[in-house]
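Novice: compute the structure for the input listed below.
(2 chains)
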Amino acid sequence: MFDPMTKVLVVDDMLTMRKIVTKILKELGFSDIHEAQDGVEAWDKAQTGGFGLIISDWNMPNCTGLELLKKVRADQKLVKTPFLLVTAEAEQSQVAEAIKCGVDQYVVKPFSKDALKAKLESTYKKVSVRLAA
Amino acid sequence: MNVFARPCYQIDKHEGYTVVKLESNLDFTNCKVFDGQVDELSSNVFVVINCDSLPELPKDWLRCLLKIHLNTKRDNKFLKLIHVNGILLSNLKREGIDTTFRIAKDLRDALQETGLAPKRQLNTEFINPFLAATIHVLKVQAQVEASSGQIYMKKPGEVMTGDVSGVIGIVSDSFNGAVVISFPEKTFLMVMSSMLGEEYTKITQEIVDGAGELTNMIFGQAKVVLNDKGFGIKTAIPSVISGKDHSLSAMTNGPVVVVPFTTPYGKFFVEICLSQ
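Specialist: Numbering: from 1, shown residues only, chains lettered A, B, ... in the order given. Predicted structure coming up:
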């Protein structure tokens, strides 16, 4: 599992969803949690932040989660950052697109604490393999 | 080409789909011409082949249809045959391709699965995914058990009021509508307190967008189910309306269905409307 000291960026245009994700992360032991309200703000923070994990909503105005993911994966400094997309619409075509763009995991809303924990564990395993390669 | 010959096929292009009517006088020469048009007519659209006047399909024409079938499959669309008679069906079975092509009764039937001619009625097929999603979302995200009451059609002039409402547009290529989830203050505060793990005693900016997020999740869940049935509903972003006893008027000339819900914390309702 991720080190609880990992610096996490939670991105969502909905304040309540940021609160839900943050609350679960705190319950899982994370303490260095930062928030951004869309992909634009997240991109600014990501470039200067040294984040070890990004959890982003997909459907946001200004810059969507998928656009943010593409930017992160195209940036030499950020390319390896573990990235989870959160979506309320898990249609096959969407999932395929996210995987193609390099997402590590996706979480379908609504989700429980256990579901997010399982996704984080799966992301960590995947990323560990990637970093070891 | 013999100028006196009756044309053996007709192509009608529409937005999102193409209809090809095949006549009984299909011949090799016309097949070559048709073959040259296959890629263009089947690029990124659904294709419907009207076999109304067709006793059988010559092998060269079958090859053209297989080509269209593969093109549409590549673009996540499909080819459908309509008005297929018993003789033609036997012909397809003999060639071993009767299960390759999808067959529909008529054009409307064929298009319903594409979302281009969806069933617009506010029937149980359309409403149930929203109903199930509402119960599921509240249970998983807010740990609140909700149960639905008697569904009814909103009467003309009937006004529903709420204190916090989430609204999201239902947009597809062929119909529009909206979903509204509306809470009285007490229910909303209890649901938000349960969802966020903090006690809230008044509606503030900090929690008001929770109605939008719940609407977004309910819409997202229902959208996946409905799009599997070909409704073609597009992604949308919810809005929130807040204010004591605000009323909601549907901006549609179509029917509005109201689904009342009860929870241990009080009532709320979901409204679904579609334009005609």
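
Novice: and the gap between residue B:177 and chain A?
Specialist: For residue B:177, the distance to chain A equals 17 Å [CB to the nearest CB, to the nearest Å]. Just so you know, the C-beta spots here come from the backbone N, C-alpha and C atoms, and that holds for glycine as well.

Novice: how about that residue, secondary structure?
Specialist: For residue B:177, the secondary-structure state derived from DSSP: H, G, I helix; E, B strand; the rest coil is strand.

Novice: how about the contacts made by it?
Specialist: If you count contacts by CB atoms under 8 Å, 6 or more residues apart in numbering or on different chains, residue B:177 has them with B:169-170, B:252, B:254, B:272-275.

Novice: residue A:58 now?
Specialist: So residue A:58 contacts A:64-66, A:85-89, A:94, A:98 (CB under 8 Å, 6+ apart).

Novice: with distance to chain B added, can I get these in TSV?
Specialist: What follows is those, written out as TSV (distance: CB to the nearest CB, whole Å):
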residue	distance to chain B
A:64	10
A:65	12
A:66	11
A:85	13
A:86	11
A:87	7
A:88	3
A:89	4
A:94	9
A:98	14
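
Novice: sort out for me which of these are in helices.
Specialist: Using DSSP state H, A:65-66, A:94, A:98 are the members of the contacts of residue A:58 that sit in helices.

Novice: give me the buried entries from those residues.
Specialist: Buried subset of the ones in helices among the contacts of residue A:58 (neighbour count, 16 or more other CB atoms under 10 Å in any protein chain shown): A:65-66, A:94, A:98.

Novice: between these, which sits nearest residue B:185?
Specialist: Distance to residue B:185, by CB to CB, is smallest for residue A:65 among these, at 32.0 Å.

Novice: report pLDDT for that closest one.
Specialist: If you check residue A:65, the pLDDT there is 95.

Novice: cool, residue A:52 as well?
Specialist: Confidence at residue A:52, expressed as pLDDT, is 95.

Novice: and what of residue B:48?
Specialist: At residue B:48, pLDDT is 90.

Novice: assign it to helix, strand or coil.
Specialist: Applying three-state DSSP: residue B:48 is strand.

Novice: mind listing the residues bridging to it?
Specialist: On the basis of DSSP bridges, residue B:48 is bridged to residue B:19, residue B:80.

Novice: just give me the neighbour total for residue B:195.
Specialist: Counted with other CB atoms under 10 Å in any protein chain shown, residues neighbouring residue B:195 total 25.

Novice: go on, residue A:97?
Specialist: Neighbours around residue A:97, by other CB under 10 Å: 14.

Novice: skip the chain neighbours and tell me the closest residue to it.
Specialist: Spatial nearest neighbour of residue A:97, excluding adjacent residues (CB to CB, 6 or more residues apart in numbering or on different chains): residue A:66 at 6.9 Å.
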